[in-house]
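Enquirer: predicted coordinates and the sequence they were generated for:
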Amino acid sequence: MAASLKGFLATTLVTGFALALSVPGCGSDKGGGGPPSNFGGGGGTGGDDSGLGGAAGSGANGSGICLLNNCHTNAECEGCSYGRTKCDVANTRCVACFKKTDCKAGEQCTSFGACAPEDLSCPADGSGTPTISCKKDADCAACDPMHQVCDTATSKCVACVNGNTQNCTGNQGCGATGKCEDKCPANCSSDTDCGKCELGGTVAKACNNHVCAECSPTKPCGTGMECSGGKCIKPCGAAGAEGTDCKTDAECYGCGNSASPETWKCKMPINGGDHGTCSHPAKGCTDLLSSGAVLPAPFDSVTNTCSSDTDCAGVSMDVNIGKFIRDLVGGSEINLGIKKVKIQDAIQKFPMNACASIEILDGKKCGVCVPCNGDEDCKPIELDPLVKDLFKGDPLMQLASAFLMDLLFGKGEKHQLHMQCEEIAGGYGVCLPCANPLSGCGAGSGGNTTTSGKCDHDKCTTGGALDPKCGVCEAAICAVDIYCCTTGWDDLCVAEVAALCNSPCQDPACTSHTACETGAAMKKSCNTCTLAVCNHDPSCCDAQSGQWSQKCVDYVMKDPTIKPECGGACGKTPCGTHSECVTGAALPETCTDCTKAICAKDKFCCKTSGDPPGKWDLICVDEADSEPLCPLCPKK
């Protein structure tokens, strides 16, 4: 797990990732022109975001649910309108007919299971896009299921329009081109890709390591918070510091169980100094465990002591996954149209097999069993085995399960809630939901560590996915961003070479000048700094008509959201007994531009004399890591 110490609000585990998911209805007839006798729909204008199918409650006849393009049994089509009450299991599609005799006189049974007038056809081009013009949905009745809605603004048959998402699954919305698109895409390349990913009270509109999240290098958190695995959390210690180092008690409020009345304190050195360590005020290990201040609920009820991980083998905590699901759907039940089904408790044991060393104010350390040391300890929660508990004893269990999975995952075959390890003090953490719990967010948390990349191009050029075996740098990148080794090595992967491997790619556009100097346009892929700058202002990376002008330099040096991503972008060779990137003795203020910048705001880092002298501790390292005038520090 990254060494940055993560804070945690105890309520997150219980309520912090609710998804306010709308449930479209099956049977809206809004928009468009009137339907033929056996086919209708909501095309064209206005109306609510419902339609003929999708992940719906009651259908037009109010008889049940309608998973129009994601069914597995006839029961999942009973609520669909216009006779589409049979499930074509092979194509997971609710249809009105399998043969002509299923339709009325004068109608044909199209190859897509719709009853349409015999003289109606839907020719398409080589890509499968209909070439006919339409004025109403009825004109599209003979088209394939993803082109049965008329967009009256363009006269084209499409999958959906604003107000009619009949053909989309429950986790989708309608895109600008009339196609059904996941509200939260499985992968992203920029923040723009996540523009519609809203998860109840949590907004996941940032692209972090190719996954939609709450924050990212280009969408940092607010003051006093830090981005951990794409999630804004209150740190334990100075914001961003890679340790429990602190200057004030307030910087320790994110440690342990923040809901406990026993808050952590910033313990200063006995012989003086203004940099301390976040510690718990307990007088001994017994007090520490009985106070409930080590772990947030519900993990605070487990108080097993340990001296090594071996002592924690077999230790676990019961966690209510049913509560997670109730928060996800925004209520205690789901409406199937014919009945509301209650989402019940489903208990799953979470292992607590890591032994953490907790420091208390008198200098002692206590060993406590905790859930995780890294994201790899927080495996995804498989929902399918929990269905019998989630809907225990309800005769509509199977329908409720199908409805729920469509709502959350659409046609996705893996039904998992993803967790990450949020460090809350002293190198230990708890397993908590990702910012977008339907996608993996940390190294190993996605449940997919199988790579498919090759070694057919350099790590400094974009191309196909690379294999971790290609080199140490590639392995480091794939450990935190599996996309680069399963899908493609894009600009973001190239930028991560500088951030994670401390070896910037030697592209002339990246080496002719630093980001703190004006000159020719740079590239997004130079490093995470240029990526942040050019996402904000593309002209800084426009090789044809742009340049790296003074405004681009100002973004690096002054912009409050971009500067934190530009640590090391302009750094010179370090001096002194150690690098500015590691802890050690205080460094002379006149050593480099970096030490001048750090010591101008934190004299402790450069206090080389006195009693006691200062030191270049983790707070100083973090300050250097976010200062453009300091050398590039390798990420952990």
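Expert: Looks like it came in fine. Residues are numbered from 1 along each chain as shown.
Enquirer: which residues in the stretch 451-600 of the chain form helices?
Expert: Per DSSP state H, counting those that start in this stretch, the stretch 451-600 of the chain carries helices over the ranges 472-480, 491-501, 508-511, 528-536, 550-558, 593-601.
Enquirer: format these as CSV; extra columns: distance to Pro433, mean neighbour count and mean pLDDT.
Expert: From N, CA and C alone the C-beta is placed, and that goes for glycine too. Putting the helices of the stretch 451-600 of the chain into CSV (distance: least, Cβ to Cβ, whole Å; neighbours: other Cβ atoms under 10 Å; pLDDT from 0 to 100) gives the following:
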stretch, distance to Pro433, mean neighbour count, mean pLDDT
helix 472-480, 19, 20, 86
helix 491-501, 24, 24, 82
helix 508-511, 37, 15, 82
helix 528-536, 26, 25, 88
helix 550-558, 33, 17, 90
helix 593-601, 36, 19, 88
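Enquirer: out of those, which gets nearest to Cys232?
Expert: Minimum separation from Cys232 across those (Cβ to Cβ) falls at helix 528-536, 16.9 Å.
Enquirer: and the longest helix seen in the chain, what's buried?
Expert: Longest helix of the chain, by residue count under DSSP state H: helix 397-409. Using 16 or more other Cβ atoms under 10 Å as the test for burial, helix 397-409 gives 399-409.
Enquirer: for it, packing partners?
Expert: Applying 3 or more Cβ pairs under 8 Å, 6 or more residues apart in numbering; DSSP states H and E, we find helix 397-409 packed against helix 321-329, strand 333-335, helix 387-390.
Enquirer: buried deepest among those, which one?
Expert: For these, the largest average neighbour count (mean count of other Cβ atoms under 10 Å) is found in helix 321-329, namely a mean of 21.
Enquirer: what about that one, distance to the chain center?
Expert: Chain-centre distance of helix 321-329: 18 Å, with Cα atoms, centre = their mean, to the nearest Å.
Enquirer: could you list the domains of this protein?
Expert: Listed domain ranges for the chain are 1-21+180-315+353-380+418-446, 22-170, 317-351+383-413, 468-565, 571-636 (source: automatic domain parsing).
Enquirer: contacts for stretch 611-618, please.
Expert: 237, 241-243, 245, 269, 271-273, 275, 578, 580, 582-587, 603-608 (Cβ atoms under 8 Å, 6 or more residues apart in numbering).
Enquirer: to clarify, my last question referred to stretch 391-398.
Expert: Outside stretch 391-398, the residues that touch it by Cβ under 8 Å, 6+ apart are 73, 75, 336, 338-339, 341-344, 387-388, 400-401.
Enquirer: show me which of those is closest to Glu565.
Expert: For these, the nearest to Glu565 is Ile343 (40.5 Å; Cβ to Cβ).
Enquirer: just checking, the closest one touches Leu390?
Expert: Yes - with contact defined as Cβ atoms under 8 Å, Ile343 counts as touching Leu390 (5.8 Å).
Enquirer: how about low-confidence regions in the stretch 101-250 of the chain?
Expert: 199-202, 239-243 (pLDDT under 70).
Enquirer: identify the residues contacting the most centrally placed residue in the chain.
Expert: Centroid-nearest residue in the chain: Ala213, 3.3 Å away (criterion: Cα atoms, centre = their mean). Contacts for Ala213 (Cβ under 8 Å, 6+ apart) come out as 194, 204, 206-207, 229-231, 434-436, 441.
Enquirer: mind redoing it with 6 Å?
Expert: Going by Cβ atoms under 6 Å, 6 or more residues apart in numbering, Ala213 touches 204, 206, 230, 435.
Enquirer: show me what contacts the second one?
Expert: Right, the one you point to is Ala206. Ala206 makes contact with 191, 213, 215-216, 219 under the criterion Cβ under 6 Å, 6+ apart.
Enquirer: helices of the stretch 101-250 of the chain, start to end?
Expert: Going by DSSP H, counting those that start in this stretch, the stretch 101-250 of the chain shows no helices.
Enquirer: Tyr82 and His72, how far apart?
Expert: As for Tyr82, its distance to His72 is 20 Å (criterion: Cβ to Cβ, to the nearest Å).
Enquirer: quick one: which of the two has more around it?
Expert: For Tyr82 versus His72, the count of surrounding residues by other Cβ atoms under 10 Å is larger for Tyr82: 23 against 15.
Enquirer: do you know how far the residue of the chain most remote from its centre is from Gly83?
Expert: The centre of the chain is farthest from one residue, Ala105, which by Cα atoms, centre = their mean lies 52.1 Å away. Ala105 sits 15 Å away from Gly83, going by Cβ to Cβ.
Enquirer: what stretches of the stretch 401-550 of the chain score poorly on pLDDT?
Expert: By pLDDT under 70, the weakly predicted segments of the stretch 401-550 of the chain are 426-427, 442-451, 502-504.
Enquirer: what strand or helix carries the closest residue to Lys231 other than its chain neighbours?
Expert: In this structure, Lys231 finds its nearest non-sequential neighbour in Ala435, 4.2 Å apart by Cβ to Cβ, 6 or more residues apart in numbering. Using DSSP states H and E, Ala435 sits in no helix or strand.
Enquirer: ok, now which ones touch Ala435?
Expert: Counting by Cβ under 6 Å, 6+ apart, Ala435 touches 204, 213-214, 230-231.
Enquirer: let's see 10 Å
Expert: Listed by Cβ atoms under 10 Å, 6 or more residues apart in numbering, the contact set of Ala435 reads 16-17, 197, 199, 202-204, 206, 208, 211-216, 227-233, 418, 420, 441.
Enquirer: of those residues, which belong to strands?
Expert: Judged by DSSP state E, the contacts of Ala435 include 199, 202-203, 206, 208, 211-213, 227-228, 231-233, 420 as members of strands.
Enquirer: out of the residues you listed, who's nearest Ala313?
Expert: Nearest to Ala313 among those, with distances taken as Cβ to Cβ, is Gln420, at 22.9 Å.
Enquirer: the closest one pairs with what?
Expert: Beta bridges link Gln420 to Leu432, judged by DSSP bridges.
Enquirer: was I right to think it contacts Gly429?
Expert: Yes - applying Cβ atoms under 10 Å as the test, Gln420 and Gly429 come out as touching, 8.7 Å apart.
Enquirer: quick one on the thing from earlier: list only those of the contacts of stretch 611-618 flagged as buried.
Expert: Buried members of these, scored by 16+ other Cβ under 10 Å, are 237, 241-243, 245, 273, 275, 580, 583, 586-587, 604-607.
Enquirer: could I get the contacts of stretch 391-398 as a markdown table with distance to Ala499?
Expert: Below are the contacts of stretch 391-398 laid out as a markdown table (distance: Cβ to Cβ, whole Å):
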| residue | distance to Ala499 |
| --- | --- |
| Thr73 | 49 |
| Ala75 | 51 |
| Leu336 | 48 |
| Ile338 | 53 |
| Lys339 | 52 |
| Val341 | 47 |
| Lys342 | 47 |
| Ile343 | 41 |
| Gln344 | 45 |
| Val387 | 41 |
| Lys388 | 45 |
| Ala400 | 45 |
| Ser401 | 42 |
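Enquirer: with respect to Lys563, which of the residues you listed is nearest?
Expert: Nearest to Lys563 among the contacts of stretch 391-398 is Ile343, at 44.9 Å by Cβ to Cβ.
Enquirer: neighbours of the closest one, just the number please.
Expert: Using other Cβ under 10 Å, Ile343 has 21 other residues around it.
Enquirer: hang on, isn't it packed against Ile334?
Expert: Yes - Ile343 is in contact with Ile334 according to Cβ under 10 Å; the separation is 6.7 Å.
Enquirer: what residues do these two have in common as contacts?
Expert: 325-326, 390-391, 400, 404.
Enquirer: out of the domains of the chain, nearest to Cys455?
Expert: Between Cys455 and the domains of the chain, the tightest spacing by Cβ to Cβ is seen for domain 468-565, at 4.1 Å.
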